[in-house]
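A.B. asks: Take a look and give me a structure for this.
(2 chains)
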Amino acid sequence: MRSLRERLQAVASQSAPARETRPARAEPFFCRERTVELSLLRGVEETTLNDVRACDPLFAGDRWNPQRLLFLDTETTGLSGGAGTIAFEIGVGFLTDEGMVIRQYVMRDYGEEAAMLREIASLLSRSEALVTFNGKSFDIPLLESRMIMQRIRVPVSQMPHLDLLHACRRVYKLRLGRCNLTALEAAVLGKARDDDLPGSQAPQRYFDYLKSGEFALLEDVLRHNFEDVQSLAELTGELCRAYREPQRLSHPQDLYGVGRTLLRGGQTERARRCLRIVGCSTLAPQAHRVLADSYKRGREWPQVIETCEQMIAAGEGGVWPYEELAKYYEHVARDLPAALRCASGALAFSLNAAPLRGEDPQQTQRLTRRIRRIKGKLAAERADRKEQTT
Amino acid sequence: MNLPQLIDRLHRTPSFMENVTNWQVIPPREAEYAPFPDDLDPRVAPVLSARGISRLYSHQRRAFDLAREGKDLCVVTPTASGKTLCYNLPVLNAILRNPDARALYLFPTKALSADQVSELYELIEAMGVDVKTYTYDGDTPAAARRQVRQAGHIVVTNPDMLHSGILPHHTKWVKLFENLRYVVIDEIHAYRGVFGSNLANVLRRLDRLCRFYGSHPQFICCSATIANPGELAQTLIGRPVELIDHSGAASGEKHVVFYNPPVVNRQLGVRKSALQETLSIASMLVDNDIPTIVFGKSRLTVEVLTRHLKERVRDPLGNAGRVRGYRGGYLPTLRREIERGLRRGDIRAVVSTNALELGIDIGQLDACVMCGYPGTIASTWQEAGRAGRRKNTALTVVVATSSALDQYIVTHPDYFFGRSPENALVHPDNLYVLMNHVKCAAYELPFEQGESFAKGVSTGEMLEYLAEENILHLADGRYHWMAEEFPAADLSLRSVTSENFLIIDITRPEHRVVIGEMDRYTVPMLLHEHAIYMHEGQQYQVEKLDFTEKKAYVRSVDVDYYTDADLNTSIKVIDVLKEQPFAGGQLAFGEVVVTWLVTMFKKFKLDTQETLGFGPVDLPELEMPTNACWWAMGEEVTGGLTMDDLQGGMLGVANALRQILPLYLMCSPGDLCVQYRVRDPFTRLPTIIVFDNYAGGIGLSERVYGMRSVIFEDVAELIARCGCEAGCPSCVGPRAEVGENGKKTALLLAERLAKQ
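C.D. replies: Predicted coordinates for the structure are as follows:
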């Protein structure tokens, strides 16, 4: 694929990037290729379809071959997402036996866009799935829009697509709050970027380059994008491992996220195992509640009772476990005295907690109504029994 | 009494008839029908028959036939003549035959689109066919938008949304653009001035994109009566149209009465107030329970009339809901409620500004009273069209004010009935407007070198300029957008910005209510601190105006006065584009910046209109770039006049010019402004200035420049013919304003100017 000249340029740029000027125009667009060693990519080459389905329960593909993935990140002339916003740089990565080949395409002027997009289209057609960060709402619609403008019809948005933004949010949101790429790199990959060009400055750099012809202006953009693409692979590796070996996660928040996502993906047993571990941490109230809910959905009543009773014993979850038990005794076990006991317990708890947390009138009302109904049913039952005996 | 009886009695009432300057009876007209076309989809006719339509009106059939021939067309028909079928039939037929076909409907406002589309929904529902009609505007939920873009057969929207929400995102609308068969533009008479100039450019952008996607939509435009519907449609869509201006719908007998209030002071030329006369005529109609609409020219008039009429119908329990006010500035929910009340007939009388001129569905009323001539023949017919069901008699009374224009019209009925209504003017090649749209267009699709966007203006030069400014970038023969901004976001299509001020009632501090909103250009006039603001007949005093937060806090009051603010206008010349020597001075045309500043307000007693006092207003000024034409007068004109006389004379000429120019230019009086300076800072001579009242100009003052001095012959004639002694509102303005010699001097100036 690469010409000698291009490789020479790549070598030259690595040794002295600052002095490089606009590359020669012989090629239809600029392309720089470098390979990142496999050992740096946190096992992305070992990921499987099962891992990915765990990460993203809605993943649309039915195949996942790490060597047929396309990692993709773009640098654009704006954020508005309308027809006049252009991806002037497209970074892609794909895995080979040696490592990840990262190719960075730049249109040296608007006239090169069509050829560059055709190249991307051909890469896409050879790939089975896309991996991006926020690509579902930004990069991919933008590429699709640009391809329509250049009359290249590739159904990019139909391709199986793992959007790491959403997948990472599910696991790390509770711990990190904000889930942008920089925060994830720092917290999950333990990497910090040195004098990184903020993404927001990329458009102006490109416009300055167009005016001056100084290709060196784009070096910072290319470096930023290179690291973005590499991080896509690393994050994919990290995420998949989190699902494969959740016991190795050191933060209960992450494990809680993994458990909930597994639950949503229908991997109930694995999910419960995670949540039971979280149940020994400071996140116990949330974990137990999700667990009890999952048991309830599976109509596994002994476990529901056990978990709720544990919660009550530990003072977790407020009136929730009391109410759940009351519901169970009233509607499932039809043990009205037990139901009344639990409902009254809930009300007592609620009123005891009131001076501390402030009264929740809706909750009090709801509980009172429940108690009244159970009492009514009890009375009717007693009357029935009396009638039978007489 | 019913209306025919009432009309009969008015005829026999001398005290009424002596003020009537003209009573025109327009005879009823029989309907002209045509059968359904043979190639109409068989599913359509039965559904129409079920709704009582067993054949078409002739104009509906003609619209269908022309559309089938592939023509672009413009239909001009009166209200209640089945206008919507003129476009719904061809569009439905096209979609029923080819489910891939798409149509785009444009209405000037959201409220109108909701109204007109309901009829279409009913038809589609009754046919039980899969034709998806979606409204796409600011209120469409984000979740529904994808569905609209992918599957909507008929997309209903407004020019603003097309401009900022659809065209810049055209790659998300591929289905629509590739298959666009029809573009329907309803109420095109609303697109005059800067709004029309903008729309014409939005349509140029639409056309570029359609060419890109390989579609060639046909246009169907609908207009109310104006002088130049065909020309307007052609300017808007940029190609010739077939005009259908003969309505086949039936109409009842119409009486149009010109009523001139009696003169109460001959010397001062003062007539009885039009407001009082309107009130007594409207009261008579309301007392007889005749469904009536009353039009006032300003918000203030509307409020005063509403208040009085409500008093008139108040029942012992204090309910006066039978009479309602209606104007822009009322919240949309309140307006919808009033419209519903009118359709149901619960509301028997409504007092409105021209907000109800447009095709909002309020059903048909029987009588219409206008407090003052609406300013244009077109508006008058549109307002009069609100009265008159298909078979019933209708009455329209135009009550003249003492302004020269009103007086001219009621005393020259031939002018009104003989002449065609005004032109709706648009000037799409206005550089200011054009430049903004060239940017938007470049954002949407790069310009090819040599591509032409506007026929009259060199697109190439504009593109080069934008490239020099580093907004566009030339590469491989195409101009590409090279900026981070989203150009459509910075451009509002309407002259008035969308930044409205909220009006908040704080009468009960614990229960603050938003009672209305107002555009920022009107705020300094009506919502300055201490102003009396009228809303639904209730008076409020403005306690605090928060200009940065765009909020006005008002408190309900009951006082016997109203307020009126003084507007100061200053004009700065930016560039002289054309110039010629004229009477020792010059006649020139150029670009100017107009600045408005409100500095004070006056209080007037409600019934006698006497001045009670005044107060200061401290608000930021407003600026507008526009075009102007001015006459700088040398010695040959002003020679031998004292400063005082010159002052009065120029005011008189300006006043008369203000009245006469609209008749000449066939535009509405609000489209231009006339100012004078005894010593103009730019020309250093006594100068009379005419400027377009729209940002960027709409070509009016350029036409005034072309008329040179001809206009002053008519100014002189108007002044000479007026019967007053030394000035009245009907010629140069009242004596109190122009001074003792004002009328004489004005006549002298006009005659000297006319001779040049």
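
A.B. asks: How about the contacts made by whatever residue of the stretch 551-700 of chain B ends up closest to chain A?
C.D. replies: With CB to the nearest CB as the measure, the residue in the stretch 551-700 of chain B that lies nearest chain A is residue B:696; the distance is 23.4 Å. Yep, even glycine has a C-beta here, placed from its N, CA and C like the rest. Under the criterion of CB atoms under 8 Å, 6 or more residues apart in numbering or on different chains, the contact partners of residue B:696 comprise B:194, B:197, B:430, B:431, B:432, B:433, B:625, B:626, B:627.

A.B. asks: now swap in residue A:80 and tell me
C.D. replies: With the criterion set at CB under 8 Å, 6+ apart, residue A:80 makes contact with B:168, B:484, B:485, B:486, B:489.

A.B. asks: what's near enough to touch the first one?
C.D. replies: Think residue B:168. Contacts of residue B:168 were listed using CB under 8 Å, 6+ apart, and they are A:80, A:82, A:83, A:84, B:440, B:443, B:444, B:486, B:488.

A.B. asks: how about the nearest residue to the residue of the stretch 201-350 of chain B found nearest chain A, chain neighbours excluded?
C.D. replies: Closest approach between the stretch 201-350 of chain B and chain A, counting by CB to the nearest CB: residue B:212, at 8.4 Å. Counting by CB to CB, 6 or more residues apart in numbering or on different chains, the nearest residue to residue B:212 once its immediate chain neighbours are dropped is residue B:445, at 5.8 Å.

A.B. asks: Just give me the neighbour total for the one you found.
C.D. replies: Residue B:445 is surrounded by 21 other residues when neighbours are defined as other CB atoms under 10 Å in any protein chain shown.

A.B. asks: now stretch B:403-421, how far from the centre of its chain.
C.D. replies: Once both centres are worked out by CA atoms, centre = their mean, to the nearest Å, stretch B:403-421 turns out to sit 19 Å from its chain's centre.

A.B. asks: whoops, I mixed them up, stretch B:632-652
C.D. replies: Centre-to-centre, stretch B:632-652 and its host chain are 36 Å apart (CA atoms, centre = their mean).

A.B. asks: what does stretch B:320-337 give?
C.D. replies: Distance of stretch B:320-337 from the chain centroid (CA atoms, centre = their mean) equals 19 Å.

A.B. asks: average pLDDT across it?
C.D. replies: Throughout stretch B:320-337, pLDDT has a mean value of 82.

A.B. asks: Ok, stretch B:543-551 next?
C.D. replies: So the average pLDDT for stretch B:543-551 ends up being 87.

A.B. asks: hey, where'd the strands end up in chain A?
C.D. replies: Shown for chain A, the strands assigned by DSSP state E span residues A:30-37, A:69-76, A:87-95, A:99-106, A:129-132, A:161-163.

A.B. asks: Run through the residues of chain A sitting next to chain B.
C.D. replies: With the criterion set to CB under 8 Å from any CB of the partner chain, chain A comes near chain B through A:77-84, A:86, A:109-111, A:141, A:144-145, A:148-149, A:203-204, A:207, A:210-211.

A.B. asks: Just want the most central residue of chain B.
C.D. replies: When chain B is reduced to its mean C-alpha position, the closest residue under CA atoms, centre = their mean turns out to be residue B:190, at 6.1 Å.

A.B. asks: For that residue, give its distance to chain A.
C.D. replies: Plainly put, residue B:190 is 27 Å away from chain A if you go by CB to the nearest CB, to the nearest Å.

A.B. asks: circling back: and the strands of chain A as JSON lines, adding mean neighbour count and mean pLDDT?
C.D. replies: Putting the strands of chain A into JSON lines (neighbours: other CB atoms under 10 Å in any protein chain shown; pLDDT from 0 to 100) gives the following:
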{"stretch": "strand A:30-37", "mean neighbour count": "17", "mean pLDDT": "95"}
{"stretch": "strand A:69-76", "mean neighbour count": "26", "mean pLDDT": "97"}
{"stretch": "strand A:87-95", "mean neighbour count": "24", "mean pLDDT": "97"}
{"stretch": "strand A:99-106", "mean neighbour count": "22", "mean pLDDT": "96"}
{"stretch": "strand A:129-132", "mean neighbour count": "23", "mean pLDDT": "96"}
{"stretch": "strand A:161-163", "mean neighbour count": "23", "mean pLDDT": "96"}
